[in-house]
Structure formats: C-alpha cells, structure tokens
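Asks: sequence first, predicted model second:
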Amino acid sequence: MEKKNIDWANLGFCYVQTDYRFVSNYKNGAWDEGVLTEDANVVMNECACVLQYAQTIFEGMKAYTTADGRIVTFRPDLNGERMEQSAKRLEMPVFPKDKFVEAVLKTIRANEAYVPPYGSGATLYVRPYMFGINSVIGVKPADEYQFRVFTTPVGPYFKGGVKPLTIRISDFDRAAPNGTGHIKAGLNYAMSLHAIMDAHKQGYDENMYLDAATRTKVEETGGANFLFVTKDGKVVTPKSESILPSITRRSLMQVAKEYLGLEAEEREVYVDELKDFAECGLCGTAAVISPVGKVVDHGKEICFPSGMDQMGPVTRKLYETLTGIQMGTIKAPLGWVVEA
Ligand SMILES: *Cc1c(COP(=O)(O)O)cnc(C)c1O
C-alpha cells in the first residue's frame, strides 16, 4: 500500500483531512450498522442539541507503525469503556465497546495510507466522538445521535527535543466535586479555553488545576494527568473523583510496578508537597509523558531537581518503557497493542 506524500517529521498537531471516516446514527432507540464515508462534513439542524446544550463526548487515541511494520493502536478497549461511561453521564445512548473498537480499527485500516512509518515519530491520531443531533429547544437530552470516527496524521510530539514545561497553579477550576471532570466531554474543554489562553499570555505552558472544594490538592491540567516521582523513587499520581482517568497514566502506573519494580501509588497529593518531589510529568496519549520542570504558585517558583533541560531519570525510564511496549520493541502485556 502506497503512503501519502507527507513530510511526517515536520507535521504539527493540526487537522489534516484523510480519506475515510466512520459514521453511525442512532434513531428510534437503536444504532444502525454504520458506514465508512468520504464526506467529512456533518449537516444538522440549527437547533441540534449539541449546538445548543453541548451534548457531546469524545475519545482520543493513536494508530502507528511498530518496529516490525504492523499498524496498531493502544488499548482501544479502554477508550471504548471510557466512552460508555461518558455517554451514561450525559444521558446519551451507549455505543457498545466492542462495536467501538471495530469502528476504530476499520477507520484506521481505511486510512492506512496516512499511518506514518515506524521511526518517523509521527502518528495517526484517531478521534471517536458522539453528539446529540436532533433539534432540542427545551433542556433535555436528544433522541437522535451520531457517532463518528475520523483520523488525522500528527507530527512527533517532541519535535526539536524535549523541553520541560513551566506550569502555573490556576485560579480557575476545571471540575466540581460530583461534576463531570471524570468524563471526556467537550464541555470540560469549552470552559478551559479562557484559562489556557490566559496562561499562555502570562508565559506558562499549562494550568495545574486544584480540587475546587478546598483548593489544596492537585488534580490535573486541561488535558493530561500528573505523575510525580518522590525523592526515594516512588511514583505517585493524584487520586480524585473529578480527574479524567487517563489510559496513559494507568498504563504508566502498571509499567512502573511490573516492568521497573517501582512502588506506584494513587493518592491525594497536596500543593504543599510539590516542593518535595524529584520529578513531575504530564501524561496523555499525545506525548505519553511530558516533563514538567517548574510549577509557579502565584509568583512562588517550585523547581523540580530534574531541571529545565531534560526528563528526570525515572520519567525517562517510564517514557522509554511504555513507548517501547507501544512500538513492539518491548513485550507488551496481553491486549495492550491491537493490530488494525
Ligand atoms: C484525554 C484526557 C487525558 C489523557 O487521557 P489518555 O487516555 O491518556 O489520553 C487527561 N486528562 C484529560 C482532562 C483528558 O481529557
């Protein structure tokens, strides 16, 4: 199969239209079979529920080429499960996890020409999503829904090398206790746009959000979970009901324990302890782990000993082991790497 003529190494993180996307419609209480289509546009009524009341959820994953030339994706069943949880919380019909995985693999196969070659650092980003599509003016859930999967090739995350991030403790909150922070819904991103634009204006890469109730505990950033490493080499991740359960973070915690023999613990993390950690990273599908060099708490700098030039040693090991597992150079746990 001939690849598209794309400069993989210099791709950014921008939408590039690919040939096919999967579409399935929910009407009269049931999902149809779904089809691959070349039509990238969605046509809907002006009063569609998603446009008026933001009834929309999504997932994010990637397809890539392994060292031995297979086109694969990483733990798609977990994305399917998470999307089921998101749907339930927003009163949307569940798109069943096995059909979700099938749709994702089908869309990847149809766009095989856009899956970057091994070693390019680029990947094919996969975006499953679902929204309420019929007209709704009184506040209530839609009756009709559309589930879609599109793909877009994206460039290497650490283009031009790894640069540890500087993040600020945000005065804005991301998620309320008993709210929707734990689901992957567009609404969580709409309200983060002002906070991230403001952070960038002030010279920060990201916002560290705290728990909204007490503002003493670390939650996450707008789109990634935190991992910390203690000075005695224990991996710690914040525990909270309002954090989005990152698949990358859950995988890294397992890698820490089972591949690296480290202690790994999910527990409440207080802002007051930040100064005691040796390393800090952000985890999510796009970067796997992005090191954080510095957290700024209202002008007070908390600098991690790993510094502003490179990943800390434990972060690096976690990064190399998980990317090795993904790329097929390290043996993966059963079911983690799924061929398209
Ligand atoms: C998607 C997302 C993450 C990362 O999850 P992965 O499954 O690792 O990609 C973390 N936090 C938020 C708020 C997210 O939306």
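Replies: Everything's here; your move. Numbering: from 1, shown residues only.

Asks: residue in the stretch 1-150 of the chain with the shortest distance to the ligand?
Replies: Gly60 (5.4 Å; CB to the nearest ligand atom). No exception for glycine: its C-beta is placed from N, CA and C like everyone else's.

Asks: distance-wise, check that residue relative to Ser290.
Replies: 15 Å (CB to CB, to the nearest Å).

Asks: and those two? which has more neighbours close in?
Replies: Neighbours were counted for Gly60 and for Ser290 using other CB atoms under 10 Å; Ser290 has more, 24 against 16.

Asks: identify the bridge partners of that one.
Replies: Judged by DSSP bridges, the bridge partners of Ser290 are Leu282.

Asks: cool, and Asn225?
Replies: Applying DSSP bridges, one finds that Asn225 bridges with Glu220, Cys283.

Asks: just the pLDDT for it.
Replies: Note on Asn225: pLDDT of 98.

Asks: so what's the residue count around it?
Replies: Applying other CB under 10 Å, we find 23 residues neighbouring Asn225.

Asks: go ahead and confirm it touches Cys283.
Replies: Yes - with contact taken as CB atoms under 8 Å, Asn225 and Cys283 are classed as touching, separated by 5.3 Å.

Asks: who touches both of the two?
Replies: 246, 248-249 (CB atoms under 8 Å, 6 or more residues apart in numbering).

Asks: out of those residues, who's near the ligand?
Replies: Filtering those for proximity to the ligand by CB under 6 Å from any ligand atom leaves 246, 248-249.

Asks: that older thread, contacts only, for the residue of the stretch 1-150 of the chain closest to the ligand.
Replies: Gly60 makes contacts with 79, 125-127, 184, 284-286, as judged by CB under 8 Å, 6+ apart.

Asks: as JSON lines, those residues with neighbour count, secondary structure and distance to the ligand would be great.
Replies: Compiled in JSON lines, the contacts of Gly60 are given as follows (neighbours: other CB atoms under 10 Å; DSSP: H, G, I helix; E, B strand; the rest coil; distance: CB to the nearest ligand atom, whole Å):
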{"residue": "Asn79", "neighbour count": "24", "secondary structure": "helix", "distance to the ligand": "7"}
{"residue": "Tyr125", "neighbour count": "20", "secondary structure": "strand", "distance to the ligand": "11"}
{"residue": "Val126", "neighbour count": "24", "secondary structure": "strand", "distance to the ligand": "11"}
{"residue": "Arg127", "neighbour count": "17", "secondary structure": "strand", "distance to the ligand": "11"}
{"residue": "Lys184", "neighbour count": "23", "secondary structure": "coil", "distance to the ligand": "5"}
{"residue": "Gly284", "neighbour count": "20", "secondary structure": "strand", "distance to the ligand": "3"}
{"residue": "Thr285", "neighbour count": "20", "secondary structure": "coil", "distance to the ligand": "3"}
{"residue": "Ala286", "neighbour count": "17", "secondary structure": "coil", "distance to the ligand": "7"}
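
Asks: interface residues of the stretch 1-150 of the chain facing the ligand?
Replies: Residues of the stretch 1-150 of the chain found near the ligand (CB under 6 Å from any ligand atom) are Gly60.

Asks: what are the bridge partners for Val23, then?
Replies: Note on Val23: beta-bridge partners Val35, Arg148, judged by DSSP bridges.

Asks: quick check, it in contact with Glu33.
Replies: No - the pair formed by Val23 and Glu33 falls short of the contact definition of CB under 8 Å, at 10.5 Å.

Asks: neighbour-wise, which of the two wins?
Replies: Val23 (19 against 7).

Asks: need the per-residue pLDDT for the more buried one.
Replies: With respect to pLDDT, Val23 has a value of 98.

Asks: before we move on, what about Gly161?
Replies: Value listed for Gly161 in the pLDDT field: 87.

Asks: can you get me a residue count around it?
Replies: Each residue near Gly161 was counted by other CB under 10 Å, and the total is 7.

Asks: do the same with the one 3 residues further on
Replies: Other residues near Pro164 come to 23 when the count uses other CB under 10 Å.

Asks: try the one 4 residues further on
Replies: The burial count assigned to Arg168 is 21, neighbours taken as other CB under 10 Å.
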